[in-house]
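J.: Let's see this in three dimensions:
(2 chains, ligands or ions: 1)
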Amino acid sequence: MTLQNRNGDKEASPITLRLKEPTSIPIEADTVSPDHFIGRSLKDIAALPVYFGRRKRNLGDVFHIEGEESDQVIVEGDLAHVKKIGYGMTRGRIVIRGNVGQHTGACMRGGEIIVEGHVADRAGIHMEGGRLWIKGNAGHLLGAAYPGERRGVNRGVIIVEGNVGSETGAFMRRGLIVVMGDTGEFVGARMIAGSVFVFGHLGKRAGAGMKRGSIVAFGACEPLLPTYRFESVFQPVFIRVFVNRLRQWGLPVNIERTEGLFRRYSGDITALGKGEILIYDSNE
Amino acid sequence: MSAVFENVTCKFCGCLCDDIAVEVEDRRILKAKRACPNGLGMFLNYDPTLQSPLVEGKEVEWDEAVSAAADILSRADSPLIYGLSSTSSEAQRKAVELADRLGAIIDSTSSVCHFPTTLGFQMVGGAACTLGEVKARADLLIFWGCNPMEAHMRHFTRYSANAKGFLTPNGRRDRTVVVVDVRPTKTAKTADRFLQIEPGTDYEVLTSLRALIKGKDINEPVGGLPSEQIKELVQMMKTCRYGVAFFGMGLTMTAGRGYNVAEIFALGAELNQYTRFFAMPMRGHGNVAGADQVITWLSGYPAAVSFARGYPQFGPGEFTSVDVLARRETDAALIIASDPMAHFPRKAAEHLERIPAILMAPVTNCSSQVANVILPTACYGIDAPGTAYRMDNVPIRLRSVMQKVRPTDEEMLMRIMEAVKQ
Ligand code: SF4
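T.: As a prediction, this is how the structure comes out:
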């Protein structure tokens, strides 16, 4: 496969990594990232460290590696127990063909990750830039924060075409998360600012302890917490701007809904109370 | 001839009652005065005679069992050390050392009880008190999602509802007891006020309480409770002299988990604007609080710690043993003083059955059936002395009431460590 860069030019063939043997032993592969691959020959890449359970191995022991020097990376195989792919990456692109393990794209600061399958928990946690695009479902703590941290995602875009687990966007400081499917509980819990768009079913306790920021429910939603107050019905302009961009990216967004009226609830009154949950009301 | 030992500590539950009078004759305990039925069972059922360790069901010498255990652990790519809640803190310390040396994942039984307490605590912090203070001062006791009448039977008499203390000379008459639960438990029957909430609405009720305390208004019913009842509870909390909210697995293991606990800790802290108020988890097993303490002081995190990369990594949901097992991410387990086969969900238990396991425990339990190596060790608090942490994190000495003939967990862990080194 050839990938195209932003300008549409053909590039050198990407670096492809294929997991040699399926295993359920956790593999920590934070070296699988364009940042580590750029400027390295295949031999050097194969010598990068990776943790197979508690054993330090070389990347080449665990993956078949081929391709030319490139910032485009493809990872293949049964990756459900491979963690931290694209950890802290700043540029380039990783395409993951299949399901992938925890911490995918954690702390990433730039570039793009495309997951063609499902991701486990903590994808895009503490993200600071770039784009994480998940075609399948995501686990819990998508775009959330590590325990004990007060601030989570700070810039960047996460798109999930499937469903997500609970605590999506918890502690988010800035950035955008778009979920096309349904969500679990505590979406945007203790959020400080930023936006979460949910096109499927918004789960219980959305925006628990939220200070500022927006959660937008285009579909059905569970009753909100008692600490949210109904304020008004209106047609938010910013949603149209956001949605236009999403459509440019190729997301199948229902335009009718985005032009309709939304009910605005503000909260959470136990925190600062400047957050908002917008719920699609009608297409007036 | 029998001998009586006064002020022995019972390490069965997190109350760690240290006033038990134990009568011993011929290395068997005849009586354990003042112990509740739970504790009594532990004292009377323990047989301290030396037993041979088992490897694959066959009795072997200790050296052989130790090397078999070391072998299993050294061969594993991702070993798991689990349990720790009923052993001593000295042994817990060695277990962390072993985990560090091996690069193993270490986790305590809190991952099936009060782990969310840790997460909530990390989210908002918390104000803490000791049970001694509760006994001496507390005039409002709230029991939320816990049932001490059955799980911590002497909690009421020793520390809380019925205890007579410095400012509560009349015991029960000086205190108000409120129980919040989803069903009328035995504890609820003894309460002055019982608030029965709908299952899975703990978070909503707690957050409404917080909103009211912050001066906001809540006018709809929450969790099936009319708003007047919630407001009344807020009034009670604000006007009490010294309040404590005890919470149990009804709060930590139901929808909301860590966030439920964060709300109750925040509630306790915020009430200190009006009066003195605290929130305290009702820890189950005798020394599970100690496991949190010890793993924290050695690794920085209370449980679910992986040393796989040579430094500690904390992973709730990632290195918690139930999740590690359910995802098949471990290939050998060392179980210390606990019984995962009896408590784990099926998927996790199934994997535990598949992988080689070592069980280190004073008594046989459900997990004995799946363990490849069984090391029958001494029972701390009966034939071995040690330290345990009470549910309020106060360390209490566990005394021994007889000469031990079995090795302790600590000694066993040290021997396994030596064998692993070679
Ligand atoms: S309350 Fe707990 S510590 Fe006290 S005697 Fe009963 S089981 Fe033992």
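
J.: How about the secondary structure of residue B:397?
T.: Following DSSP: H, G, I helix; E, B strand; the rest coil, we place residue B:397 in the strand state.

J.: do the same with residue B:86
T.: Recorded secondary structure, residue B:86: coil (three-state DSSP).

J.: list the contacts for it?
T.: Residues in contact with residue B:86 (CB atoms under 8 Å, 6 or more residues apart in numbering or on different chains) are B:11, B:285-287, B:337-338, B:380. All C-beta spots, glycine's among them, are computed from the backbone N, C-alpha and C.

J.: Can you give me the buried ones in the helix or strand of chain A with the lowest mean pLDDT?
T.: Ranking every helix and strand in chain A by mean pLDDT, DSSP states H and E puts helix A:255-258 at the bottom, with a mean of 75. Within helix A:255-258, the residues scored as buried using 16 or more other CB atoms under 10 Å in any protein chain shown are A:257-258.

J.: Give me the helices and strands touching that helix, please.
T.: If you count contacts as 3 or more CB pairs under 8 Å, 6 or more residues apart in numbering or on different chains; DSSP states H and E, helix A:255-258 packs onto helix A:237-248.

J.: For the helix or strand where residue A:45 lies, the averaged confidence score.
T.: Secondary structure assignment for residue A:45, by DSSP states H and E: helix A:42-46. What helix A:42-46 shows for mean pLDDT is 94.

J.: next one: that helix to chain centre, how far?
T.: Distance of helix A:42-46 from the chain centroid (CA atoms, centre = their mean, to the nearest Å) equals 29 Å.

J.: Contacts made by that helix with the rest, please.
T.: Contacts with helix A:42-46, where a contact means CB under 8 Å, 6+ apart, come from A:15, A:36-37, A:58-60, A:65-67.

J.: One more: stretch A:238-248?
T.: Residues contacting stretch A:238-248 (CB under 8 Å, 6+ apart): A:176, A:178, A:195, A:197, A:216, A:253, A:255, A:258-259, A:262, A:278.

J.: now with 6 Å?
T.: Applying CB atoms under 6 Å, 6 or more residues apart in numbering or on different chains, the external contacts of stretch A:238-248 come out as A:253, A:258.

J.: Tell me which residues of it come out buried.
T.: Residues A:239, A:242-243, A:246 are the ones in stretch A:238-248 that count as buried (16+ other CB under 10 Å).

J.: ok, now stretch B:47-60?
T.: B:48, B:51, B:53-55, B:60.

J.: just stretch B:93-109 next, same as before
T.: Quick answer for stretch B:93-109 (16+ other CB under 10 Å): B:93-96, B:98-100, B:102-109.

J.: Same check on stretch B:401-409?
T.: For stretch B:401-409, using 16+ other CB under 10 Å, the buried residues are B:401-402, B:404, B:406-409.

J.: who in chain B is up against the ligand?
T.: By the rule CB under 6 Å from any ligand atom, the part of chain B lying against the ligand is B:10, B:12-13, B:15-17, B:35-36, B:38-39, B:152-154.

J.: Now, these that are in helices?
T.: In this view, these that belong to helices under DSSP state H are B:38-39.

J.: So which of the residues of chain B next to the ligand wins on neighbours?
T.: Highest neighbour count within the residues of chain B next to the ligand: residue B:15, with 30 neighbours (other CB atoms under 10 Å in any protein chain shown).

J.: Including pLDDT and distance to residue B:415, could the residues of chain B next to the ligand go into CSV?
T.: Putting these into CSV (pLDDT from 0 to 100; distance: CB to CB, whole Å) gives the following:
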residue, pLDDT, distance to residue B:415
B:10, 95, 28
B:12, 93, 27
B:13, 93, 30
B:15, 95, 32
B:16, 95, 28
B:17, 95, 32
B:35, 95, 32
B:36, 95, 35
B:38, 92, 32
B:39, 94, 30
B:152, 94, 35
B:153, 94, 37
B:154, 95, 36
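
J.: Using CSV, lay out the residues of chain B next to the ligand together with distance to chain A.
T.: CSV is the format used below for these (distance: CB to the nearest CB, whole Å):
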residue, distance to chain A
B:10, 33
B:12, 30
B:13, 27
B:15, 28
B:16, 28
B:17, 33
B:35, 37
B:36, 35
B:38, 32
B:39, 34
B:152, 27
B:153, 33
B:154, 34
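
J.: who touches the helix or strand hosting residue B:414?
T.: For residue B:414, the host element (DSSP H and E) is helix B:409-421. Helix B:409-421 has contacts (CB under 6 Å, 6+ apart) with B:66-67, B:69-70, B:73-74, B:87, B:90-91, B:94-95, B:98, B:360, B:375, B:377.
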